[in-house]
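J.: this one's sequence-less:
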């Protein structure tokens, strides 16, 4: 039995004493993997999850997975190289006596903390700034540039890295040719397969954070052209913040100008609730300028909903692999509008069932868990 400690984000349970106050990252991909690993009977996973701005530690068992929520500072994280955060994460992880530590993501402290543990280490490359920087206009002096520098330092020190898509693998191979890369996709929660909803005609849904790299402004720019053909169009946005950034406020204001009360904002919701909104829509719109994998795309395919996604990203890679999607030119709102009109005009055929079956085979939880097990064994052998 291999004891694995994962450094990664897990949504706060309702019982967490500060759940109502703290904005937590909603993605469930780390828990999905840990649950799959536990079901093999050959790995004993624990998740150590940083909670920005929390005041105390909290431990819970979520679906039989032990999760340690560790409070980390809300301010001065980047200028101090995440020092306090790393120390707290490492202390909590080492108390679990792991055989292997697994850091998820390079955009904050998870991978740095994994390397600090002094144990056999694996990293999953997500949130890569080497891929996001070219599509963002950042000031010369910014905290994000410092994070990008730390990411490069982390990856130069790394040995075994899991790339969740060919898109990521190619970028890492070019920038860090000495890495030992393992191409393993993310997996999914089998509960998604039980979701069944009535499809709403002429409806689009966007799921994810609202940030320039995710491209919701492209959908806002495409709305006038789409509404010329479908004045009854409705759009749901799942993932908007309670205290939006200037970018988010501007994009949502523009969408409201075109849609009025046909724009519905759901905020950050649990993963299965987000999947239910996807299941109701005619199509999911994923207009990202950069995307490492596309959890929202996979979840949409699993509930049978067509995906409208951007070229030159891992989203396009997965559409070509699984089907039930339409691709538009990268960063092109005009092409997005034309493709959205075509998608809204189409009738549903057998493609949703075929795509769902392909996703289930390729991203099968046991298959993905056992691929990780082989990596861990290789790392432990040195």
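T.: Okay, I see it. Everything quoted here is computed from the prediction, not taken from an experiment. Numbering: from 1, shown residues only.

J.: can you pull the contacts of the nearest residue to residue 126 once chain neighbours are set aside?
T.: Closest residue to residue 126 in three dimensions, ignoring its sequence neighbours and counting by Cβ to Cβ, 6 or more residues apart in numbering: residue 105, at 4.5 Å. Where C-beta positions appear, they are placed from N, C-alpha and C, glycine not excepted. Taking Cβ atoms under 8 Å, 6 or more residues apart in numbering, we find residue 105 in contact with 8-9, 111, 124-127.

J.: what about 10 Å?
T.: Shown here is residue 105, whose contacts under the criterion Cβ atoms under 10 Å, 6 or more residues apart in numbering are 7-9, 25, 27, 29-30, 111, 123-128, 151, 292.

J.: show me what counts as buried in stretch 165-174.
T.: By 16 or more other Cβ atoms under 10 Å, the buried positions in stretch 165-174 come out as 165, 167-169, 171-172.

J.: now the residues you listed as a markdown table including distance to residue 216 and pLDDT?
T.: What follows is these, written out as a markdown table (distance: Cβ to Cβ, whole Å; pLDDT from 0 to 100):
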| residue | distance to residue 216 | pLDDT |
| --- | --- | --- |
| 165 | 21 | 96 |
| 167 | 20 | 94 |
| 168 | 22 | 95 |
| 169 | 27 | 96 |
| 171 | 23 | 94 |
| 172 | 27 | 96 |
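
J.: the contacts of residue 105 in helices, which ones?
T.: The helices in this structure, assigned by DSSP state H, contain 29-30, 111, 151 from the contacts of residue 105.

J.: so which of the residues you listed is the most crowded?
T.: For those, the largest neighbour count, defined by other Cβ atoms under 10 Å, is 30 neighbours, found at residue 111.

J.: for residue 181, see how far away that residue is.
T.: When Cβ to Cβ, to the nearest Å is the yardstick, residue 111 and residue 181 sit 15 Å from each other.

J.: kindly report the same for residue 237.
T.: With distances defined as Cβ to Cβ, the gap from residue 237 to residue 181 amounts to 35 Å.

J.: counting neighbours, go ahead and name the busier of the two.
T.: When residue 237 and residue 181 are compared for neighbours, residue 237 comes out ahead with 24 against 17, by other Cβ under 10 Å.

J.: for the more buried one, give me phi and psi.
T.: Residue 237 adopts backbone torsions of phi -120, psi 120, taken as degrees, to the nearest 10.

J.: contacting residues for it?
T.: Residues near residue 237 by Cβ under 10 Å, 6+ apart: 204-208, 210, 216, 219, 248, 251-252, 255, 263-267, 277, 285.

J.: quick one, which of those are buried?
T.: 204-208, 210, 216, 219, 248, 251-252, 255, 263, 277, 285.

J.: test my guess that residue 147 contacts residue 136.
T.: No - distance between residue 147 and residue 136: 11.9 Å, which falls outside the contact criterion (Cβ atoms under 10 Å).

J.: who's more crowded, these two?
T.: Between residue 147 and residue 136, counted using other Cβ under 10 Å, residue 147 has the larger neighbour count: 21 against 14.

J.: lovely, talk soon.
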